[in-house]
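# quick one: sequence plus predicted model below, questions after.
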Amino acid sequence: MKIMLTGAAGFIGMHTTQKLLARGDEVLGVDSLNTYYDPALKQDRLAELQKVSNFKFAHLDLSDAAKTQALFEDFKPQRVIHLAAQPGVRYSLSQPQTCLQNNIMVFGNVLEACRQHAVEHLVFASSSSVYGSNTKMPYAPSDPVDHPLSLYAASKKANELMAHTYSHVYGLPVTGLRYFTVYGPWGRPDMAPWLFTRAILRGEPINVFNHGQMTRDFTFVDDIAQGTVRALDCVAKASDVFSKEHPLPDTSHAPYRIHNIGHQTPVPLMDFIHTLENALGVKAVLNYLPMQAGDVPNTSADMTSLQQVTGYQATTDIADGLGLWASWYREIGHRYQAF
């Protein structure tokens, strides 16, 4: 199958591309290779992918609508996975225009190119951050997501609305995946596992927000990549339980689906830190701080819908996952610039 994957030099993008290549798909990876974090890390991820003959790469900023259309015309993808985005809840608070361009304008260009070139199925990255000020646990795709706490979260909610509109108006099959906290080898330097690991090994204090009173649905990247590929294989269809009188966010008369993708086993932040200490063999120095702006104390994924559609189930527990992460960081990750 011919698959275009945007954000291929990113964290989830690299691992998902590897899954597709391993099963024999022809993959065109697209990435702008921006400088949000150390470009050398993105280049090295890309080098890993370029070891495989059925991978091709296009260096492109997808905010250029004409070049995006030309790329689709040239490659003619059957299916598309859109993972390119401007990540970072806190970054979106300080750089709102960058967030708007890379998360909303770019997605609009991708949607339109998918429509123009009759793509069979588009899978795109949403985020658990869309649940915003919701406190009901676990988060379910049927829950309302109308109160975002950051521009990043709002941009992801906007993506879901845009995708549904294209699905309704043009019949484009679309599946959105709300990713929960992803970690593992080749991860992102701006995320807690990397920030914690670097500081612990240097004997520096780690910032523990909300005084450690937090939980996260930490999910190993290999599980996430597997679930993303499974979602791609299950082309979105109209829901047979959609009600116009009582419409739920996770159902539609259009070929549109939205799912959570996580581990479904929330881990207290202090347990995560202690497990990471064990994996590294070093005790952390803790700097307790209040909650950060735009953050939430807890996340937990209800994955019933994704399991029903794809059979997905995360299998990597936190101890095994952090063990693999720690080994990779000591061997490779330490060489990259800090965020």
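Good, I have the coordinates.

# count the residues that sit near Ser127.
Neighbours of Ser127 under the rule other CB atoms under 10 Å: 25. Backbone N, C-alpha and C define where each C-beta goes, glycine included.

# all strands of this protein, in order?
Under the criterion DSSP state E, the chain carries strands at the ranges 2-6, 26-31, 55-59, 79-82, 121-127, 174-179, 182-183, 205-209, 215-216, 219-220, 256-261, 267-268, 285-289.

# restricting to C-alpha, output the fifth one in PDB.
So that's strand 121-127. The C-alpha atoms that make up strand 121-127 are tabulated as PDB, following Å, rounded to 0.1, in the frame of the first residue of the first chain:
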ATOM      1  CA  HIS A 121      -8.600   7.000   4.700                       C
ATOM      2  CA  LEU A 122      -6.900   9.800   6.700                       C
ATOM      3  CA  VAL A 123      -5.700   9.100  10.200                       C
ATOM      4  CA  PHE A 124      -4.700  12.200  12.200                       C
ATOM      5  CA  ALA A 125      -3.200  13.000  15.600                       C
ATOM      6  CA  SER A 126      -5.400  14.600  18.100                       C
ATOM      7  CA  SER A 127      -4.500  14.800  21.800                       C
END
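
# sorry, back to before: make JSON lines out of the strands of the chain and add mean pLDDT and distance to Gly321.
Written out in JSON lines, the entries for the strands of the chain read as follows (pLDDT from 0 to 100; distance: least, CB to CB, whole Å):
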{"stretch": "strand 2-6", "mean pLDDT": "98", "distance to Gly321": "23"}
{"stretch": "strand 26-31", "mean pLDDT": "98", "distance to Gly321": "25"}
{"stretch": "strand 55-59", "mean pLDDT": "98", "distance to Gly321": "26"}
{"stretch": "strand 79-82", "mean pLDDT": "98", "distance to Gly321": "22"}
{"stretch": "strand 121-127", "mean pLDDT": "98", "distance to Gly321": "20"}
{"stretch": "strand 174-179", "mean pLDDT": "98", "distance to Gly321": "15"}
{"stretch": "strand 182-183", "mean pLDDT": "98", "distance to Gly321": "7"}
{"stretch": "strand 205-209", "mean pLDDT": "97", "distance to Gly321": "18"}
{"stretch": "strand 215-216", "mean pLDDT": "97", "distance to Gly321": "13"}
{"stretch": "strand 219-220", "mean pLDDT": "98", "distance to Gly321": "4"}
{"stretch": "strand 256-261", "mean pLDDT": "98", "distance to Gly321": "15"}
{"stretch": "strand 267-268", "mean pLDDT": "97", "distance to Gly321": "10"}
{"stretch": "strand 285-289", "mean pLDDT": "97", "distance to Gly321": "22"}
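
# out of those, nearest to Val89?
Closest of the strands of the chain to Val89 is strand 121-127, at 8.9 Å (criterion: CB to CB).

# I'd say Ser305 and Asp250 touch.
Yes. Judged on CB atoms under 8 Å, Ser305 makes contact with Asp250 at a distance of 6.0 Å.
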